[in-house]
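Undergrad: Model the structure of this input:
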Amino acid sequence: TRVGGLAVGATTEYYETGYAMLGAKAEAGPAYSQWTVDLRIHRTFGPRVQVRESPLNDALTLDLGPRTSPAASLGWQSQRASGTVLGIEAFVEQWDFGRSETAPMTIGGAPAGSVYEPESRTRSYGLRATVTSAF
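TA: Residues are numbered from 1 along each chain as shown. Now for the predicted structure:
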């Protein structure tokens, strides 16, 4: 799309990766009121991203560097006499991907510039509350 004299476009990215996870989980306290600590690391395998600059450009897949990233959570749950379980968990998780090599971009096979995916790091953190009831 053109806005005044400028060309404006959008990029769509689709990420794909395999990963392996290693960790330890510890629980403490009686079954009716239990604390949990979960510590993990995960390693990506074969991460890649498919990039579409615009509907005109040919699809392009870039290989990303594998990385190792941490994750952790601290949770508590309480089991009620009725069978209902209340829980709360604070968590943080990080996913890292390495930088890709620079690759040519094409439109209908003709050169249209170059593109690369920079190194990226995504952090997710939050508080999760659960209510579980069996009948």
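Undergrad: ok, and for stretch 116-124, which residues are buried?
TA: Neighbour-count burial for stretch 116-124, counted by 16 or more other C-beta atoms under 10 Å, picks out 117, 120. (Each C-beta comes from the backbone N, C-alpha and C, glycine too.)
Undergrad: Bridge partners for the one residue sitting closest to the centre of the chain, pull those for me.
TA: In the chain, the residue lying closest to the centroid (C-alpha atoms, centre = their mean) is residue 95, at 5.4 Å. Applying DSSP bridges to residue 95 yields these beta-bridge partners: residue 122.
Undergrad: Please name the residues that touch it.
TA: Applying C-beta atoms under 8 Å, 6 or more residues apart in numbering to residue 95 gives the contacts 42, 44, 69, 121, 122, 124.
Undergrad: pLDDT on the lengthiest strand in the chain, on average?
TA: Criterion DSSP state E: the longest strand present in the chain is strand 33-52. Averaged across strand 33-52, the pLDDT comes to 92.
Undergrad: what sits opposite residue 62 in the beta ladder?
TA: Assessed by DSSP bridges, residue 62 has beta-bridge partners residue 49.
Undergrad: and what of residue 23?
TA: Beta-bridge partners of residue 23, counted by DSSP bridges, are residue 40.
Undergrad: so it touches residue 40, yeah?
TA: Yes - between residue 23 and residue 40 there is a contact at 3.1 Å, judged by C-beta atoms under 8 Å.
Undergrad: Next, show the common contact partners of these two.
TA: Shared contacts of residue 23 and residue 40, defined by C-beta under 8 Å, 6+ apart, are found at residue 71.
Undergrad: Do you have the strands of the chain handy? List them.
TA: 2-3, 6-7, 12-28, 33-52, 60-63, 68-79, 85-97, 103-107, 110-115, 120-132.
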